[in-house]
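Engineer: based on what follows, work out the 3D shape:
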Amino acid sequence: FRPGHDQASKPAPVRQYNNVNASAPPPAASPPQAAPVEPAASGPVTQQELQSLQQMAKSRPSDNKTQLLLAKKLVEASTVLVESSRMDPKTKAKARERYVMDGYKIVKKLASSGYADAQFFLADCYGSGQMGLQVDPKEAYSLYHSAAKSGHAQSAYRVAVCCEIGQEEGGGTKRDPFKAVQWYKRAASLGDPPAMYKMGMILLKGLLGQAKNPREGISWLKRAADRADAENPHALHELALMYANAGPNDVVVRDEAYASQLFHQAAELGYKFSQFRLGSAYEYGLMGCPVDFRQSIIWYTHAAAQGEHQSELALSGWYLTGAEGILQQSDTEAYLWARKAATAGLAKAE
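Structural biologist: As a prediction, the model looks like this:
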């Protein structure tokens, strides 16, 4: 699992430090690319792709990347190919089991030989019960730890998370904030963007027993922002907030134009909290943005579609008044959006 990176809707950047969602499913480890096969582009696995991978793996027994990719595709085939087949339920169950078992054997062998990517993938499976495995946080932690020791950045981040949340919340090891910080720092130094973001927040807010160090914190946030993507937009948003709200004694100088640029970057990556900020900026002409009702409504709509409650309320307001040539007035829509935000407990919407 990676707290703060829940696929369904990304939680607020800081919320993860007080209430880590240990039950969030782990994001699938990104498959290593083998040149002749490009699974990411090809969508769900096909029988043809699987056969071609099996031949490649046979002809290159020592190519760990190809072996691991084959294992992942076999696990994927256990659902994708079996479900779409016309076999009877009993035959389906057998086929599913065979695919998973073949995949597991390859991963287990690679992990035992010390291949860090395979250890990481197997740890993910133990964390979430994939490949028919019993959920086992201790085994997951042990595998993350082995991979992390050999310099695997994502595994180092997971080890840190496990040390932060402890056994009570599914970490598979005892809670140890000091050790967590050490591993976050190691993962950040190895180039892991979530770890860079986390180190930034730890030092900015003095979390996990660390003394506040805003300068170093901002330095980590900037590094994370440079590597931001759809999975990791948090650092852009956090930096934007700092530059938008900086006071005379703060470590950064207030710069609304730069804040707006950062919010735009995060919003375009799909981060709903930045999308709300832009909806607001274009509605009221904030941060140097022109008053532009069309842009405002577009950004509020993007954020509301992801369940951002302030944006739901803002859309309710737009439907209440309508916007000439852009949005038709509708009491029904206004009521429904307000009710959606109110159901989530937003007092203003109630």
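Engineer: any buried residues in stretch 57-65, and which?
Structural biologist: A57, N64, K65 (16 or more other CB atoms under 10 Å). For every residue, glycine as well, the C-beta is placed using N, CA and C.
Engineer: before we move on, which element is the last one in?
Structural biologist: To tie it back to what came earlier, the one meant is K65. helix 64-83 (DSSP states H and E).
Engineer: from the contact counts, what lies against the helix or strand following that helix?
Structural biologist: Using DSSP H and E, the helix or strand that follows helix 64-83 towards the C-terminus is helix 89-112. Using 3 or more CB pairs under 8 Å, 6 or more residues apart in numbering; DSSP states H and E, the elements in contact with helix 89-112 are helix 64-83, helix 116-128.
Engineer: contacts for the helix holding K65?
Structural biologist: Outside of helix 64-83, the residues within contact range by CB atoms under 8 Å, 6 or more residues apart in numbering are 29, 31-34, 37, 39, 44-47, 49-50, 53-54, 56-57, 60-61, 92, 95-97, 99-100, 102-104, 106-107, 110, 115, 117-118, 121, 130-131.
Engineer: residues of it that come out buried?
Structural biologist: 64-78, 80-82.
Engineer: that older thread, mean pLDDT for the helices and strands packed on helix 89-112: which is lowest?
Structural biologist: Of all those, helix 64-83 carries the lowest average pLDDT, namely a mean of 91.
Engineer: just the C-alphas of that one, formatted as PDB.
Structural biologist: The C-alpha trace of helix 64-83 is given here as PDB (Å, rounded to 0.1, in the frame of the first residue of the first chain):
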ATOM      1  CA  ASN A  64      15.100 -11.200 -15.000                       C
ATOM      2  CA  LYS A  65      13.000  -8.400 -16.400                       C
ATOM      3  CA  THR A  66      11.400 -10.600 -19.000                       C
ATOM      4  CA  GLN A  67      10.900 -13.400 -16.500                       C
ATOM      5  CA  LEU A  68       9.100 -11.000 -14.100                       C
ATOM      6  CA  LEU A  69       7.000  -9.500 -16.900                       C
ATOM      7  CA  LEU A  70       5.900 -13.000 -17.900                       C
ATOM      8  CA  ALA A  71       4.900 -13.800 -14.300                       C
ATOM      9  CA  LYS A  72       2.800 -10.600 -14.000                       C
ATOM     10  CA  LYS A  73       1.100 -11.300 -17.300                       C
ATOM     11  CA  LEU A  74       0.300 -14.900 -16.200                       C
ATOM     12  CA  VAL A  75      -1.300 -13.500 -13.000                       C
ATOM     13  CA  GLU A  76      -3.200 -11.000 -15.200                       C
ATOM     14  CA  ALA A  77      -4.300 -13.800 -17.600                       C
ATOM     15  CA  SER A  78      -5.800 -15.700 -14.600                       C
ATOM     16  CA  THR A  79      -8.600 -13.100 -14.600                       C
ATOM     17  CA  VAL A  80      -8.600 -11.500 -18.100                       C
ATOM     18  CA  LEU A  81      -8.200 -14.600 -20.300                       C
ATOM     19  CA  VAL A  82     -10.100 -17.000 -18.100                       C
ATOM     20  CA  GLU A  83     -13.100 -14.700 -17.600                       C
END
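Engineer: tell me the angle of that helix relative to helix 89-112?
Structural biologist: In terms of direction (axes from the mean of the first three to the mean of the last three CA atoms, to 10 degrees), helix 64-83 departs from helix 89-112 by 170 degrees.
Engineer: what pLDDT is listed against P39?
Structural biologist: 41.
Engineer: hang on, the earlier thing: could you dump the helices and strands packed on helix 89-112 into TSV and include distance to Y319?
Structural biologist: Below are those laid out as TSV (distance: least, CB to CB, whole Å):
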stretch	distance to Y319
helix 64-83	41
helix 116-128	40
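Engineer: mind checking how far G279 is from V253?
Structural biologist: G279 is 26 Å from V253, where distance means CB to CB, to the nearest Å.
Engineer: hang on, I meant N245
Structural biologist: With CB to CB as the criterion, N245 and V253 are 12 Å apart.
Engineer: look at the two and report which has more neighbours.
Structural biologist: It is N245, of N245 and V253, that has more neighbours when counted by other CB atoms under 10 Å, with 12 against 9.
Engineer: phi, psi for the residue of the chain most remote from its centre please.
Structural biologist: Going by CA atoms, centre = their mean, the residue of the chain most distant from its centre is E324, 38.2 Å out. Phi and psi for E324, reported as degrees, to the nearest 10, are phi -60, psi 130.
Engineer: and the one 3 residues further on, by the same measure?
Structural biologist: The main-chain torsion angles of L327 are listed as degrees, to the nearest 10 and equal phi -140, psi 130.
Engineer: that one is in contact with I297, isn't it?
Structural biologist: Yes. The pair L327 / I297 is scored as a contact, 5.7 Å apart, by CB atoms under 8 Å.
Engineer: list the residues that contact both of those two?
Structural biologist: Joint contacts of L327 and I297 (CB under 8 Å, 6+ apart) are W318.
Engineer: would you mind measuring from L133 to D124?
Structural biologist: The value you get for L133 to D124, if CB to CB is used, is 10 Å.
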